[in-house]
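Novice: sharing a model that was predicted from the sequence below.
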Amino acid sequence: MTQITIKDEFIKLGQALKFAGLSENGADAKIQITEGYVKVNGETETRRGRKLYNGDIFEFDGTEVKVVSHTEGVS
């Protein structure tokens, strides 16, 4: 499983797809999401603005990516 590390509290699904290298641009991400090809935590997600938080897992085209906050484990 791949990981992406985010700096903020959340990242939007469309941005996460681009950040993980699963979409070339926002237009591609929008199509992938709205046509039902993306899952978040095991369920199909069609909202590109869906907020992903630390520990969420999204999947596209057989690739799973875990969202990790840069502050995980920091107290």
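Specialist: Arrived safely, thanks for sending. Numbering: from 1, shown residues only.
Novice: remind me which helix or strand the spatially most central residue of the chain belongs to.
Specialist: Nearest to the geometric centre of the chain sits residue 16, at 3.9 Å (C-alpha atoms, centre = their mean). Element membership of residue 16 [criterion: DSSP states H and E] is helix 13-19.
Novice: chain center to that helix, what's the gap?
Specialist: With C-alpha atoms, centre = their mean, to the nearest Å as the basis, helix 13-19 stands 5 Å off its chain's centre.
Novice: quick check: buried residues in it?
Specialist: 13, 14, 15, 16, 17, 18 (16 or more other C-beta atoms under 10 Å). Any C-beta I mention is one placed from the backbone N, CA and C, and that applies to glycine too.
Novice: which strands or helices does the next helix or strand after that helix pack on?
Specialist: Scanning forward in sequence from helix 13-19 by DSSP H and E, the next helix or strand is helix 26-34. Here helix 26-34 touches helix 13-19, going by 3 or more C-beta pairs under 8 Å, 6 or more residues apart in numbering; DSSP states H and E.
Novice: which residues sit against the helix it packs on?
Specialist: 4, 11, 23-26, 29-30, 32-33, 38, 40, 45, 47-52, 58, 60, 65, 67 (C-beta atoms under 8 Å, 6 or more residues apart in numbering).
Novice: skipping adjacent residues, who's closest to residue 11 in space?
Specialist: Excluding the flanking residues, the one nearest residue 11 by C-beta to C-beta, 6 or more residues apart in numbering is residue 52, at 5.3 Å.
Novice: mind listing the strands the strand or helix carrying the one you found pairs with, and their directions?
Specialist: Using DSSP H and E, the element containing residue 52 is strand 51-53. Strand pairing for strand 51-53, determined by DSSP bridges: strand 10-12 (antiparallel).
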